[in-house]
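J.: heads up, no residue letters with this:
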């Protein structure tokens, strides 16, 4: 995935980064990138051998980074996911969200932004610039926008 600041994370905005599955070693990199909040959008046990959320949470706590779990499974993004996402990001702190590939985190970000008035074309372009093609999600974005 492309990034604009030599970090291992993809930048959707100056204050919102996304990534594939994090390891505990990635948390120090997140701290160096100015991340103050990590959002885990991946359910534990989704794939054999994936790091557990509690390990990432402990590493984040050691670095002084707030950690929030908003797991999004196969059923997709719900209104509760968006509510939880908006509550977690309401402070405007530099945030890193992750899932298996970064795609779910990008989609929930775009849906939350659309729900609060973001322009869908711009959100799709921002995601594409970060390496995530969410153009097939326009219907979801429009539904989030209309409410």
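T.: That came in fine, so what should we check first? Everything quoted here is computed from the prediction, not taken from an experiment.
J.: does residue 91 count as helix, strand or coil?
T.: coil (DSSP: H, G, I helix; E, B strand; the rest coil).
J.: how close does it sit to residue 70?
T.: With the distance defined as CB to CB, to the nearest Å, residue 91 ends up 15 Å from residue 70. For every residue, glycine as well, the C-beta is placed using N, CA and C.
J.: which helix is the longest one in this structure?
T.: When the chain is parsed with DSSP state H, its longest helix is helix 103-115.
J.: what's in contact with it?
T.: 12, 16, 18-19, 39, 41-42, 70, 72, 77, 81-82, 85-86, 89, 97-99, 118, 120, 123-124, 126-127, 130, 132, 134, 137, 140-142, 144-145, 147 (CB atoms under 8 Å, 6 or more residues apart in numbering).
J.: neighbour count: residue 91 and residue 70, which is higher?
T.: Remark: of residue 91 and residue 70, residue 70 carries more neighbours, 22 against 10, as counted by other CB atoms under 10 Å.
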